[in-house]
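Trainee: below is the structure, and that's it, no one-letter string:
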C-alpha cells in the first residue's frame, strides 16, 4: 500500500483518500510536526547559547582592548551639569532608567567657598643653599651724559635651580692609640691594656665599607625611586667605585634583620588602630622551595594605626591563601576593610573573627566593575540601551556619594555630625542602589559581565552600610591600594626577587620607607638616622624613639657625630 504522505495532494483529491489513509496521514503529520518543533526548540536554545557566547567573547575582546589601549582612569566625563556649581548634586529625571519613577525633591546644599590661589611658578624652597651671582654694568654705562656717575637704585632678582651631582666621600676613620714609652706598660701590666685605642664607632653592618648614608642611599633608590640594584651598580661605576649588586642585596638582608624590631612595632601600632585596610599584590620569587620560578607569590599590605601614627606594613607570603590574613589579624579587634576576595571570607564566616571584627567591603571595587562595562558598551549604546542606562544610573549615585564625602571632609565635621550627615545623605543613596540591584539581578543574563557586577554589588552593598556609623572609616579601600602603587612601579623595574629571604627583607625595608613618607619624613634622612642608632639601641624606649611618628624632619636632619654615642630623642 502506498503511504498517504507519498501521494500528491495537488493532483489527488481528498475524497479519494480512504479513512485509514487519512488517519495514517494525520498521525504522520502530527509526528512530523513534533519532530520539527523539537528540532526548532533545540536549535533555538543552541542559538541563544551561541549568541550569549558571542556576546561574552565580544565583551572580553573589547575589555582586553580597553586594558591595553584604553584610559585607566575611572573619572566620569564632565557634563554641562558638572560645570554648574549650583547643580553640583542635582539629578534630573532624564538621568534615571525608569521614566515613571517618582522624582524626589532635591535639597539645596551650600558649598563652602574658597580663595583661589595665585597662578604661576611656585617659589623655590628656602632649605637650599643660596649661591648669589651679582652682575653689574660696565663703568662706561655708569657714566651719565650730564657728567655725573649713575647711582644704584635697586636690583632685578631672578631665581633658578641649579643641581650638582651627588658627591661621594671616602670616610677615613683614624682611632688614636696610646702607650707609655717610659715603662712600656709594665706599671699597669695585668691591670690595664698596654696599648689603649679609641673605641671604634658601631655601624649597622660590622666590617665592610657600608655606612648609614650609603645604605640609606641604596635603599631609597630601590624602595622609593624604583631603581634596581643592577642599575645602581652602573651608577657607582660612574663615580669610580665598584659595588656589586650581590653586595647591595646582602646589605639589604642584613639591614632588614637589624630593623626587625621596628618592623614588629609597626605591626603592633597598626593593630592598635580602629581600622585596618588590607590588600595584596603579586611578586615573582625565583628560588621559592617546591615552586616553579614562574609562579606567583604575594606581598600582603596592611595600613592603619591611631590617627597621628599611621603606618603601613608589607608582608611576604608564598601564596594568596587566607592563612596570611589570619596571621596578620590575630588578636585584633576592630574594623577591617578589604575587597571581596575569598581569602577574607573568614572575617564573616568564622565566629572567632566575626565576634571581634567588623568587615567592611570596598565601594571602589563595586564602581570599577560597572565602570569597565560602561566603557565597553558605550561604543554601541543602541544595542545595550537598557543596560547602559542602568549602569549610568548606578554610577551617578556612587559619584554623588563621593561628592558628599568630599564635602564632609572639607567641613571637618565632628564624629557625631559626620554620622548624622552620612545617615541623612549617603544611606538613602546606598538604599537606592541596593533596591535597583535587587530588581536588575534576576533579569540579567546569568553568564554576562553585567550579572557579575550586579552580583558583586548585591553581596557587598548591605555590608558597606556599616561604615556610615564609623566616622574613622571611608567607603573604599583606596588608602592601602595607593600604598601598593610604589611597589607595583618598582616591580616593573626589578621584575623579580631572588629568594624568600630577599623578599622578606624587601617587605621590611618597604614598610620603613613608606611609613616614613606617611609621617612626612624624608626617607633618606630617616634611614640614615635609625641606621646610626640601631647598633647602640638597647632599651624599649630607645627603640620606640626610632619609630617614624615619634620623629620630625628637624630631628633627623642633622648628621650623627661618630665620635660619640648617638643621642636618642626623649619621648
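Mentor: Structure's in. What do you need? This one's a predicted model, so the numbers in the text were calculated from it and none came from an experiment. Residues are numbered from 1 along each chain as shown.

Trainee: most centrally placed residue in the chain?
Mentor: Centroid-nearest residue in the chain: residue 481, 1.9 Å away (criterion: Cα atoms, centre = their mean).

Trainee: for the residue lying closest to that one once chain neighbours are set aside, phi and psi?
Mentor: With sequence-adjacent residues excluded and distances taken as Cβ to Cβ, 6 or more residues apart in numbering, residue 481 is closest to residue 279, at 5.8 Å. To be clear about C-beta, it is placed using only N, CA and C from the backbone, and glycine gets the same treatment. When read as degrees, to the nearest 10, the backbone of residue 279 gives phi -150, psi 170.

Trainee: now do the contacts for residue 279.
Mentor: Each residue near residue 279 by Cβ atoms under 8 Å, 6 or more residues apart in numbering is listed here: 300-301, 338-339, 477, 480-481, 484.

Trainee: picking that back up, now do the SS call for the residue nearest to the centre of the chain.
Mentor: Classification of residue 481 by DSSP: H, G, I helix; E, B strand; the rest coil places it in helix.

Trainee: would you map the strands across the stretch 201-350 of the chain?
Mentor: 275-283, 297-304, 311-317, 334-337 (DSSP state E, counting those that start in this stretch).

Trainee: what's the last one in contact with?
Mentor: Going back to what we said before, that points to strand 334-337. Contacts with strand 334-337, where a contact means Cβ under 8 Å, 6+ apart, come from 273-278, 329, 344, 347, 356-362, 470, 472-474, 476-477.

Trainee: can I assume residue 63 sits in a strand?
Mentor: No: using three-state DSSP, the assignment for residue 63 is helix, not a strand.

Trainee: now do the contacts for it.
Mentor: By Cβ under 8 Å, 6+ apart, the contact set of residue 63 is 372, 376, 449.

Trainee: can you lay out these as a markdown table showing neighbour count?
Mentor: Formatted as a markdown table, those follow (neighbours: other Cβ atoms under 10 Å):
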| residue | neighbour count |
| --- | --- |
| 372 | 20 |
| 376 | 20 |
| 449 | 21 |
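
Trainee: looking at these, which gets the smallest pLDDT?
Mentor: Minimum pLDDT for these is recorded at residue 376 (82).

Trainee: find the helix or strand that that one is a member of.
Mentor: Using DSSP states H and E, residue 376 falls within helix 363-377.

Trainee: who's in contact with that helix?
Mentor: With contacts defined as Cβ under 8 Å, 6+ apart, helix 363-377 is touched by 59, 62-63, 66, 70, 74, 339-340, 383-384, 387-388, 391-392, 394-395, 398, 401, 449-450, 452-453, 456-457, 460-461, 464, 475-478, 481.

Trainee: let's verify residue 521: helix, strand, or coil?
Mentor: Of the three states, residue 521 takes coil under three-state DSSP.

Trainee: for the closest residue to it other than its chain neighbours, what are its contacts?
Mentor: Counting by Cβ to Cβ, 6+ apart, residue 521 lies nearest to residue 548, which is 5.6 Å off, once chain neighbours are set aside. For residue 548, the contact set (Cβ under 8 Å, 6+ apart) comprises 311, 512, 515-516, 518-519, 521, 526.

Trainee: quick check: which element contains residue 122?
Mentor: Going by DSSP H and E, residue 122 is not part of any helix or strand.

Trainee: neighbours around it, how many?
Mentor: Using other Cβ atoms under 10 Å as the criterion, residue 122 is surrounded by 7 other residues.

Trainee: and what of residue 569?
Mentor: Residue 569 sits with 16 neighbouring residues when counted by other Cβ under 10 Å.

Trainee: can you point out the buried residues in stretch 281-290?
Mentor: Buried residues in stretch 281-290, defined by neighbour count with 16 or more other Cβ atoms under 10 Å: 281, 283-286, 288.

Trainee: follow-up on the earlier one: and the contacts of strand 334-337, which of them are buried?
Mentor: 273-278, 329, 344, 347, 357-362, 470, 473-474, 476-477.

Trainee: show me the chain divided up by domain.
Mentor: As recorded under automatic domain parsing, the domains making up the chain are 14-69, 213-362+477-571, 363-465.
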